[in-house]
Structures are given as C-alpha cells and as structure tokens.
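J.: can't give you the sequence, but here's the structure:
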C-alpha cells in the first residue's frame, strides 16, 4: 500500500490483515501478541524474526543504489518517554538482526517531552492507557495533545533526507502514523516504509476500533498468570506492562505485588516514578502499599509464600 504525503513516498506493509472480530487466538501471531506487548523477550524475538524477513523482501525490491547506502537509512518506532513500547523493542531487535547480516543501519528513537509541573488525573491516565478502546476522534485528540517531541531540532537534522523504516505492532485507525507523518514532513525525510504485525481491514477498523483492545487483553486475564509474568527473567518492562498493573483496583494490585520478587518490586516502583511523575497523587495509595510491602519484606514478615494473602490484606489497610 503506497501513498504520497507532501512528496514523501509512504509504503505500508504488514504480516497479516485482520478481517473479522472473531480472532484466531490459538494461532501464534495472535496468541503471542499480548506477551509481546508486555515485553516478553521470547515473544519480541518471535515477531522480530518475521518482521525482519518481511523487511528484507521490501528492501530487496528497492533500487540497489538506495538499498546499499545504509548510512542513509534509519529504523525507528513511535516516540516514548521513559518506558519503551513493544514497538521500540521490536525495532531494536530488528536492527540487531540486520547488523548481523551486514546491514549497518542506524536506530534512532524520538523521545517525548514531559512537563514536570503537570498534575495527572484518573481520566487522563485511563485515556492514555486504554487508548485502544476509543474511537478515531478521541485517539487523534489524545495523540495530538501528548505527542510533543524532545530535542526536535537535533532529530530533524538526523532524519533530513533519510530513508526511514518505522516498526509498529498494529495499524487500526492510522492516527499514530498520521501524526508521525506530520513530523516527517517537517523533517523532510526522503521516504518511509511503515512495517506492522497486523493491519485491521479499513471497514472493520471504522466499525470496531476496539478490536485492538480485544487483542491486547486476550491473554493473562487472571491475576496469577499476570503476576507470574513479572517474575520472568526474560521480561523487559514496557509502558503497557506496568500501566496494566496500575489500572488494577487496590485489592488486585495488592495481590499481584505480593507475588513479586523484592528486586522486581523495587524496579517497578522506580519505573512508575520515572514514567508518571505527574501522577504521584493519583497513585499515592498504591505506592504506599508497595512501600509497606517492602518494609515487611525487609523485616521478614512476608517471607513465607503461604502468607501472601495475609500480606495482601495487611497492606490493603494502608
């Protein structure tokens, strides 16, 4: 699929197109997708391998004089603040695979600006992290408000007249791509290939944009499996992974954190403070619960796994 945007050649590619709300969740592309979104590296590797094969086919169709000038190519993904999205982990993995094949292509991630004096409320947090539930209009308004790029002058110099490959997971309404295209127009890139795992068929996307949420939440529905996810060594926290924890009610939140190794608990708390500094007041109760649990762990009062539920009850009173 190709279109011209302000004389920039844009081509959209994907591994599979979704035509129905009845998702084949037992197939690997669908079954492993939620774990990939949370940052399970085994699943990141699974999708990266397939995206790399697709990308090599795309590049082989290009003019050799363009394709072999790797200094003029950049791999990127949507901008993030502190915690990456799964798309950023995919892009990094794909760049590594290409380098192993002798393609010395650059990886550049734009970073989002964040104003330290902002105070976030529950409505803004829910909109940000349940983005996939909403209509195209709400998605666009939210993206437009929150997609402020840090150090854009320097990025413009790096991207100017470069051939760009954008890695992402799913194309539904096209809002995120449209906002990135506006950036690339300002930066005057040479061309852009957009590579996705899934593309939702246009009519289905218009009628049911929440299909993205349906796919995102198709695994790890019970608290035990979700808690076990955090303790896996091959997990790179994504924004979605930790945001999903913060969306839990306090009782469920307390249950999950009592299942975690102390070092994982500490790492989660540090990431929350860095990713969402404007939400300190909103998360105060949950952060206090984490501090209480850490205090109990240090005292050894929650060292017996058989007492996990008692510990959860105890910290829920904080």
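T.: Received, thanks. None of these values were measured; they are calculated from a predicted model.

J.: and residue 198, that's in a helix?
T.: No - membership of residue 198 in a helix is not supported by DSSP: H, G, I helix; E, B strand; the rest coil, which gives strand.

J.: OK, contacts around the closest residue to it other than its chain neighbours?
T.: Computed as CB to CB, 6 or more residues apart in numbering, the closest residue to residue 198 that is not its neighbour in sequence is residue 170, at 4.5 Å. All C-beta spots, glycine's among them, are computed from the backbone N, C-alpha and C. By CB atoms under 8 Å, 6 or more residues apart in numbering, residue 170 lies in contact with 196, 197, 198, 199, 200, 212, 215.

J.: Contacts only, for the third one.
T.: Which is residue 198. Residue 198 makes contact with 14, 15, 16, 17, 18, 29, 33, 169, 170, 171, 215, according to CB under 8 Å, 6+ apart.

J.: domains for this protein, by residue range?
T.: The chain is divided into the following domains under automatic domain parsing: 2-216, 223-315.

J.: okay if I get those as CSV plus mean pLDDT?
T.: Shown next, in CSV, are those (pLDDT from 0 to 100):
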stretch, mean pLDDT
domain 2-216, 88
domain 223-315, 85
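
J.: residues near residue 57, how many?
T.: 10 (other CB atoms under 10 Å).

J.: Which of the three states applies to residue 168?
T.: At residue 168 the chain is in strand, as set by three-state DSSP.

J.: For it, which non-adjacent residue is spatially closest?
T.: Distances taken as CB to CB, 6+ apart put residue 87 closest to residue 168, at 4.7 Å, once the chain neighbours are dropped.

J.: Assess the claim that that neighbour and residue 78 are in contact.
T.: Yes - using CB atoms under 8 Å, residue 87 is in contact with residue 78, at 5.8 Å.

J.: joint contacts of these two?
T.: Joint contacts of residue 87 and residue 78 (CB under 8 Å, 6+ apart) are residue 168.

J.: So these two - more neighbours on which side?
T.: Ranked by neighbour count (other CB under 10 Å), residue 87 and residue 78 place residue 87 first, with 25 against 22.

J.: Backbone dihedrals for the residue most central in space within the chain, please?
T.: The residue lying closest to the centre of the chain (CA atoms, centre = their mean) is residue 85, at 2.2 Å. Note on residue 85: backbone dihedrals following degrees, to the nearest 10 are phi -90, psi 170.

J.: And it, how far from residue 44?
T.: Going from residue 85 to residue 44 by CB to CB, to the nearest Å gives 11 Å.

J.: Kindly provide the distance from residue 98 to residue 80.
T.: Distance, residue 98 to residue 80, by CB to CB: 21 Å.

J.: from memory the residue nearest to the centre of the chain sits against residue 239, does it?
T.: Yes - Residue 85 lies in contact with residue 239 (CB under 8 Å); the separation is 5.9 Å.

J.: out of residue 98 and residue 80, which sits in the more crowded spot?
T.: Taking neighbours as other CB under 10 Å, residue 98 and residue 80 compare with residue 98 leading, 21 against 17.

J.: Which helix or strand contains the more buried one?
T.: Assessed by DSSP states H and E, residue 98 sits inside helix 86-100.

J.: List the contacts of that helix.
T.: Here helix 86-100 makes contact (CB under 8 Å, 6+ apart) with 36-39, 41, 44-45, 47-49, 51-52, 55, 75-78, 80, 105-107, 109, 167-169, 236, 238, 240.
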